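Engineer: Need a 3D model of the sequence below.
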Amino acid sequence: MNDDDGVLPFAPRPGRHRAQAGGGDAALAVFAADRARRAATRAARARRDPAGLTGADRARLAASVGVAAAAASRAAMWVAELAARAGSRNLAEYAAAVLACGRDLDPEDHENGGVPENVTFALSGLVLLGEPGLADSEGLALAAVGAIALAMPRTITTGDPAEQLPELAHHLDQAVGTGRAGT
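Structural biologist: Below you'll find the model as predicted:
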């Protein structure tokens, strides 16, 4: 027994849970807001579903995916050059992952944008730690290339790929240019 009110310490007390846990109404409001946010996200995805696009919008999306794929290919070639120069298998895998982020983009894949999980893991940046033979500017450019390549499939799942992919392709080309200039 608890000596302060004659109730067992583990017995529920009226009103106590609400006060301690941020309570019923506040918690329900948080859950309702979370459900509403998820519903809005699903509705936005349904609106931009490629099956529901007009011919012009479909063409614009296909062109944007092509621009992103070409930029990823150019970036992968640069990373492969670094891998060959450094004799690094890790950088060769990084180059393959950058290429896959552009090549495998799938506007109909709302789960991961068409890019498998093992590719995203390869671009985590861990490969860059302690990689010999790279200038600091090359390491920074490699990190930027990986981050931008990872952002490409994320635009498929969360953003407006027709608009964002060309911008990401531009930034990818800039990162490669910065890396090339730093050698």
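Engineer: going forward, measure contacts and count neighbours with C-alpha atoms only.
Structural biologist: Noted.
Engineer: Can you list the low-confidence ranges for the chain?
Structural biologist: 1-53, 127, 183 (pLDDT under 70).
Engineer: By residue count, tell me the biggest helix in it.
Structural biologist: helix 55-86 (DSSP state H).
Engineer: helices or strands up against the very next helix or strand once past that one?
Structural biologist: Using DSSP states H and E, the helix or strand that follows helix 55-86 in sequence is helix 89-103. If you count contacts as 3 or more C-alpha pairs under 8 Å, 6 or more residues apart in numbering; DSSP states H and E, helix 89-103 packs onto helix 55-86, helix 117-122, helix 136-158.
Engineer: buried stuff in the longest helix of the chain?
Structural biologist: Residues 61-62, 64-80, 82-83 are the ones in helix 55-86 that count as buried (16 or more other C-alpha atoms under 10 Å).
Engineer: what's the angle between it and helix 89-103?
Structural biologist: In terms of direction (axes from the mean of the first three to the mean of the last three C-alpha atoms, to 10 degrees), helix 55-86 departs from helix 89-103 by 170 degrees.
Engineer: on contacts alone, who are the packing partners of helix 55-86?
Structural biologist: Right, helix 55-86 is packed against helix 89-103, helix 136-158, helix 161-181 by 3+ C-alpha pairs under 8 Å, 6+ apart.
Engineer: need the ones you listed in TSV with distance to Gly113 and mean neighbour count, can you?
Structural biologist: Converted to TSV, those look like this (distance: least, C-alpha to C-alpha, whole Å; neighbours: other C-alpha atoms under 10 Å):
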stretch	distance to Gly113	mean neighbour count
helix 89-103	9	23
helix 136-158	4	22
helix 161-181	10	19
